[in-house]
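*Asks:* got a predicted structure plus its sequence, pasted below:
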Amino acid sequence: MFAQIVRGAIVERYQDINAKTIDRWVEEGWEWGKPVSHEEYIKATRGEWEVLLTPTVKVPKEWFGNNGDIRGKRILGLASGGGQQMPIFTAAGAICTVLDYSSSQINSERMVAEREGYEIEIVQADMTEPLPFENESFDIIFHPVSNCYIEDVAAVFKECARVLKRGGVMLGGFDTEINYIVSSDEERLVNKMPFNPLVNAEQMRQLEEDDAGVQFSHTVVEQIGGQLKAGLSLVDLYDDTNGEGRLHELNIKTYIATKTIKL
């Protein structure tokens, strides 16, 4: 597999293309780049909070353990920048670290922390590289839908298992191949799997026309099996729709969320 994309004489990593694309989406008002309000933060300090791993289904509070009591828990928001989940967890008493590769998402995290006056470790880094944390550093990893932007998910799961404490949980959101089989209007089946634009020029063209960054399909075996092979045990899961579009109207589930534990 090629890890770089050639544009004339310029060679650019797909990870950097995605970071720049997300920066621009945030500037244009991307839904997943809008930070929480002050009112939402204050509600979370009273225990009134909810978060998403996938487009529409709220994460069950019991997935966090202790009926959702996360006070004192060390949480890593993996590719979870944007000031959406980490402020909520901090308000609820957790000790948070966020890692994201997008400058705009990182800036949003910093803005909310300064606005609300709390401390958070903010790390701008590429999750396809080894995570810059010591072994067994975190009680919880919160990983909303994002590994569709990376080619190799197995390496990420191995790193997650390494930095999780024994008994720690990973909460992850993942999309399925269905999102990549269909046309942009979700009316026709157009693509053979796997969807990998680094080796399929037609798939890259589709992404460029849709202004979708550089995305990759991953099977359930990659998504769940990859966690199991990394040493995490599956405890629970649920599915979800896109939240909009033809597939959503037909109630076709195109996302899964998983809770796994490091035993």
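*Replies:* Arrived safely, thanks for sending.

*Asks:* for the rest of this, base every contact and every neighbour count on C-alpha atoms.
*Replies:* Fine.

*Asks:* and the helices in the stretch 151-263 of the chain?
*Replies:* With DSSP state H, counting those that start in this stretch applied, the stretch 151-263 of the chain shows helices at 153-163, 178-181, 201-210, 220, 226-229, 245-249, listed in chain order.

*Asks:* average model confidence for the second one?
*Replies:* Averaging pLDDT along helix 178-181 yields 97.

*Asks:* report how many residues lie close to residue 103.
*Replies:* Close neighbours of residue 103, defined as other CA atoms under 10 Å, add up to 18.

*Asks:* scratch that, residue 231 is what I was asking about
*Replies:* For residue 231, the number of neighbouring residues by other CA under 10 Å comes to 18.

*Asks:* how far away is residue 226 from residue 138?
*Replies:* Residue 226 sits at a distance of 20 Å from residue 138 (criterion: CA to CA, to the nearest Å).

*Asks:* likewise for residue 27?
*Replies:* Taking CA to CA as the measure, residue 27 and residue 138 are separated by 31 Å.

*Asks:* hang on, the earlier thing: got TSV for the helices of the stretch 151-263 of the chain, with mean neighbour count too?
*Replies:* Compiled in TSV, these are given as follows (neighbours: other CA atoms under 10 Å):
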stretch	mean neighbour count
helix 153-163	21
helix 178-181	20
helix 201-210	14
helix 220	14
helix 226-229	20
helix 245-249	15
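
*Asks:* make TSV from those and add distance to residue 102 to it.
*Replies:* Rendered in TSV, the data for the helices of the stretch 151-263 of the chain read as follows (distance: least, CA to CA, whole Å):
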stretch	distance to residue 102
helix 153-163	17
helix 178-181	23
helix 201-210	19
helix 220	26
helix 226-229	25
helix 245-249	26
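
*Asks:* so which of those helices gets nearest residue 192?
*Replies:* With respect to residue 192, and counting by CA to CA, the nearest of those is helix 178-181 at 6.6 Å.

*Asks:* what's the closest one in contact with?
*Replies:* Helix 178-181 has contacts (CA atoms under 8 Å, 6 or more residues apart in numbering) with 189-193, 195, 217, 254.

*Asks:* please redo it, this time with the cut-off set to 6 Å
*Replies:* When contacts are taken as CA atoms under 6 Å, 6 or more residues apart in numbering, the neighbours of helix 178-181 outside the stretch itself are 189-191, 254.

*Asks:* stretch 148-163 now?
*Replies:* By CA under 6 Å, 6+ apart, the surrounding residues in contact with stretch 148-163 are 135-137, 215-216, 226-227, 230.

*Asks:* now pLDDT and distance to residue 80 too, for the residues you listed, in a markdown table please.
*Replies:* Supplementary listing: the contacts of stretch 148-163 in a markdown table, determined by pLDDT from 0 to 100; distance: CA to CA, whole Å:
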| residue | pLDDT | distance to residue 80 |
| --- | --- | --- |
| 135 | 98 | 20 |
| 136 | 98 | 19 |
| 137 | 98 | 17 |
| 215 | 98 | 17 |
| 216 | 98 | 18 |
| 226 | 98 | 20 |
| 227 | 98 | 18 |
| 230 | 98 | 21 |
